[in-house]
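In: model this:
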Amino acid sequence: MNSEQELKQSDDYMVRGTAASGQIRFFAITSRSLAEEARRRHDTSPVITAALGRLLSGGAMMGAMMKGERDLLTLQIQCEGPVKGLTVTADAFGHVKGYPVQPLVSLPASPAGKLDVGRALGTGVLTVIRDIGLKEPYCGQVQLVSGEIAEDLTYYFAASEQTPSSVALGVRMHHNNTVAQAGGYIIQLMPDIGDEVVSLLERQLQQTEPVTTLLSYGHTPESMIKEILADFDPVFTEERIPAAFCCQCSRERMEKALISLGQQEIAQIIADQEPVQMNCHFCNSHYLFTVEDLKKIRKT
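Out: Take a look at the predicted model:
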């Protein structure tokens with residue numbers, strides 16, 4: 001399935017806009033299908049589904065902050081917890097993909113009775129890489145402050161980009177371990193924002209219910225933003241942006257990777273008389289190349 005087909009089949013989408021006469025900008029997403037597709041592809045346990053789903057939602061919204069057709073965002077978490085790490089990439093058009101280092105982790109619920117994503121990650125580092133076509137990509141890195149991902153992205157924006165932000169992300173599971181709700185929002189303060197606006201927004205955010213609770217009430221990204229920013233006259237700047245789990249891997253790309261090994265290495269693989277299976281980390285797709293396939297590749 002190609003990227004365009006996946007986007008058409010997904011009911012996930014993002015919105016973005018401004019409020020308080022441009023003093024606030026916002027992004028919001030509903031991402032149940034996206035998170036469920038990641039769970040299905042990687043066969044993740046519930047706590048890893050929650051962790052990866054949150055990072056995918058955050059990555060999709062941060063990707064929408066970019067403007068170039070070839071711009072690429074990468075979020076990478078390297079951590080001491082049992083998941084060991086998570087990687088997500090996104091572009092500016094709602095295509096996002098990602099994978100956990102360890103997909104199966106079982107942990108007791110947190111003291112609040114929720115999936116303990118913070119414990120699954122533990123201490124570690126969040127790296128944000130923005131490749132926007134310059135000679136060197138922009139790279140920012142911060143320590144994880146909680147491992148809950150939303151708080152870590154909030155800290156990243158403040159520490160690395162000097163942009164005060166409120167990031168909320170959530171994934172709620174069904175009893176059969178499929179994804180029931182997923183989504184989030186990013187609300188950011190623009191330079192020269194008034195103190196009164198900041199104080200009022202802080203009070204409003206403190207009273208706002210969790211993302212998955214809002215989604216369970218039937219809220220959409222638009223209605224979430226309208227409720228949270230009701231006092232700030234939110235303006236949506238464009239139509240909905242479709243979002244979906246999309247990977248551009250293919251058998252042709254894997255074949256090129258084999259060719260890049262060189263004639264001598266391919267000849268050695270053929271001499272072993274064993275087929276080669278190439279795997280994509282991001283979508284967990286598998287590509288099998290028989291000895292006959294390898295012989296044909298060697299001739300190219």
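
In: just the helices in the stretch 1-150 of the chain please.
Out: Using DSSP state H, counting those that start in this stretch, the helices of the stretch 1-150 of the chain run over 3-9, 32-42, 46-63, 117-121, 150-160.

In: who wins for proximity to Leu288 among those?
Out: helix 32-42 (17.7 Å; C-beta to C-beta). Where C-beta positions appear, they are placed from N, C-alpha and C, glycine not excepted.

In: what helices and strands are in contact with the closest one?
Out: Packing partners of helix 32-42 (3 or more C-beta pairs under 8 Å, 6 or more residues apart in numbering; DSSP states H and E): helix 46-63, strand 95-100, strand 179-189, strand 244-245.

In: and if we set it to 6 Å?
Out: Contacts defined by 3 or more C-beta pairs under 6 Å, 6 or more residues apart in numbering; DSSP states H and E place helix 32-42 against helix 46-63, strand 179-189, strand 244-245.

In: any idea of the mean pLDDT for the second one?
Out: To tie it back to what came earlier, the one meant is strand 179-189. Averaged across strand 179-189, pLDDT comes to 96.

In: partner strands of it and their direction?
Out: Partners of strand 179-189 in the sheet, by DSSP bridges, are strand 24-30 (antiparallel), strand 165-173 (antiparallel).

In: residues touching the residue positioned nearest the centre of the chain, list them.
Out: Per C-alpha atoms, centre = their mean, the C-alpha nearest to the average position across the chain is that of Leu56, at 1.7 Å. Residues in contact with Leu56, defined by C-beta atoms under 6 Å, 6 or more residues apart in numbering, are 34, 88, 96, 98.

In: would you convert the residues you listed into a markdown table that also reports neighbour count, pLDDT and distance to Ala60?
Out: Supplementary listing: the contacts of Leu56 in a markdown table, determined by neighbours: other C-beta atoms under 10 Å; pLDDT from 0 to 100; distance: C-beta to C-beta, whole Å:
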| residue | neighbour count | pLDDT | distance to Ala60 |
| --- | --- | --- | --- |
| Leu34 | 30 | 95 | 7 |
| Val88 | 25 | 97 | 9 |
| Val96 | 32 | 96 | 5 |
| Gly98 | 27 | 96 | 10 |
